[in-house]
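# task: produce atomic coordinates for the following.
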Amino acid sequence: MPHIHELIDFVVTAYIVYDGKVLLIHHKGLDLWLPIGGHIELNEDPEEALYREVKEECGLEIELISTSPNYSGKDAKFMPIPNFLDIHNITDAHRHITLEYVAKAKNNEVKLNEEEHYDIRWFSEEDLNNFPLRDNVKFLANEAIKIVKAKDA
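From the prediction side, this is the model:
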């Protein structure tokens, strides 16, 4: 998806965990290992974008490890609260604000989106710490594993 705004775009990512491992993709456009994610399109909210990106990029069904208010009124839709939030440069002139979620996969059967990614794989904590990843991706991937372990305990 092209950038929506010339200065800042909002994006979502999902650090998806299954059996103590986190899923990352090798992104073709950026040549980086990253979590599943992408731009929030103008016709969707962050939750819709997250589920769309997960389906498009890996085909998994997920359970978000997040909270949202228990409210069922018709005047507002409360969405899952991101586990993390950051802003980072894509270029010198363009930044992304990322709503980062932790999710648990219902199974580990992923599909590779060959148009967008070179590879897709599950990383254990040991893999994460011995693989050349961006520091923020390594940190959040390890945090996601810890969050899911704590929830399952």
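
# where does the chain dip in pLDDT?
1-4 (pLDDT under 70).

# that one: strands as residue ranges?
Per DSSP state E, the chain carries strands over the ranges 8-18, 21-27, 32-34, 36-39, 62-64, 84-89, 95-105, 117-123.

# near residue 8, how many other residues are there?
13 (other CB atoms under 10 Å). (Each C-beta comes from the backbone N, C-alpha and C, glycine too.)

# check contacts around the residue nearest to it when sequence neighbours are not counted.
Distances taken as CB to CB, 6 or more residues apart in numbering place residue 95 nearest to residue 8, at 5.1 Å, with adjacent residues excluded. The neighbours of residue 95, taking CB atoms under 8 Å, 6 or more residues apart in numbering as the test, are 7, 8, 9, 87, 88, 89.

# ok, which of the strands of the chain comes nearest residue 130?
With CB to CB as the criterion, residue 130 lies closest to strand 117-123 of the strands of the chain, at 9.6 Å.

# and that closest one, what does it pack onto?
strand 21-27 (3 or more CB pairs under 8 Å, 6 or more residues apart in numbering; DSSP states H and E).

# now the strand it packs on: buried residues?
21, 22, 23, 24, 25, 26, 27 (16 or more other CB atoms under 10 Å).

# neighbouring contacts of it?
The contact list for strand 21-27 (CB under 8 Å, 6+ apart) reads 15-17, 32-36, 57-58, 60, 105, 108, 110, 113, 116-124, 127-128, 133, 137, 141, 144-145.
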